[in-house]
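1. Structure here, sequence nowhere to be found:
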């Protein structure tokens, strides 16, 4: 059944959704709303999934687009979920993941980046290749490398300034 496959895919890759939500949202309520919207959009496009891509690439592309556009809107969209409620009851995969001070600080700095830069760093930290990042974001590999280099310099400066 398609719904069972979808649930399995989302459950397997739910960490992607939480990483994106944590980077784009400050409050728990906003994160929950964003995750719900990402799951809804994934479900809507699931029947059009292209098997030429990995599930993680497909999820990143949709989830990042949702994260970038969802909070650019002044008002939340209202929608009716055609899914069972239990699909939305996924839990954060790694409780206490952000307890490490340096990781929490990095997450804060990434949260301050522009939308595209935030997406690039999330994918870079996920150890995606420049080619995969380019496919997900929709820019050239060269542009990915240039932008990531600049972002790393900026983050390094922020870390150095924080430790002075």
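-> Sure thing, it's come through. Computed from a predicted model, the values in this text were never measured in an experiment. Residues are numbered from 1 along each chain as shown.
2. Around the spatially closest residue to residue 119 that is not a sequence neighbour, how many other residues sit close by?
-> Computed as C-beta to C-beta, 6 or more residues apart in numbering, the closest residue to residue 119 that is not its neighbour in sequence is residue 64, at 4.6 Å. Yep, even glycine has a C-beta here, placed from its N, CA and C like the rest. Neighbour count of residue 64, defined by other C-beta atoms under 10 Å: 24.
3. tell me what whichever helix or strand residue 64 is part of is packed against?
-> For residue 64, the element it lies in under DSSP states H and E is helix 55-70. Under the contact criterion of 3 or more C-beta pairs under 8 Å, 6 or more residues apart in numbering; DSSP states H and E, helix 55-70 touches helix 2-12, helix 14-24, helix 28-45, helix 115-125, helix 130-137.
4. buried stuff in the first one?
-> By neighbour count on 16 or more other C-beta atoms under 10 Å, the buried set for helix 2-12 is 6, 7, 9, 10.
5. Quick check: the first one vs residue 122, distance?
-> In this case it means residue 6. 23 Å (C-beta to C-beta, to the nearest Å).
6. What of the last one?
-> In this view, residue 10 and residue 122 are 18 Å apart by C-beta to C-beta.
7. Show me what the longest helix that the chain contains is packed against.
-> Longest helix of the chain, by residue count under DSSP state H: helix 141-162. Secondary-structure packing of helix 141-162 (3+ C-beta pairs under 8 Å, 6+ apart): helix 101-111, helix 115-125, helix 130-137.
8. Quick one: distance of it to the chain centre.
-> With C-alpha atoms, centre = their mean, to the nearest Å as the basis, helix 141-162 stands 19 Å off its chain's centre.
9. got a list of contacts for it?
-> Contact partners of helix 141-162, identified using C-beta atoms under 8 Å, 6 or more residues apart in numbering, comprise 105-106, 109-110, 113, 116-117, 120-121, 124, 130-131, 133-134, 137, 139.
10. Got a quick PyMOL command for the buried subset of those residues?
-> Those of these that count as buried under 16+ other C-beta under 10 Å are selected in PyMOL with:
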select buried, resi 105+106+109+110+113+117+120+121+124+130+133+134+137
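11. May I ask which two of the contacts of helix 141-162 are separated the most?
-> Comparing every pair within the contacts of helix 141-162 by C-beta to C-beta identifies 105 and 131 as the most remote, at 29.5 Å.
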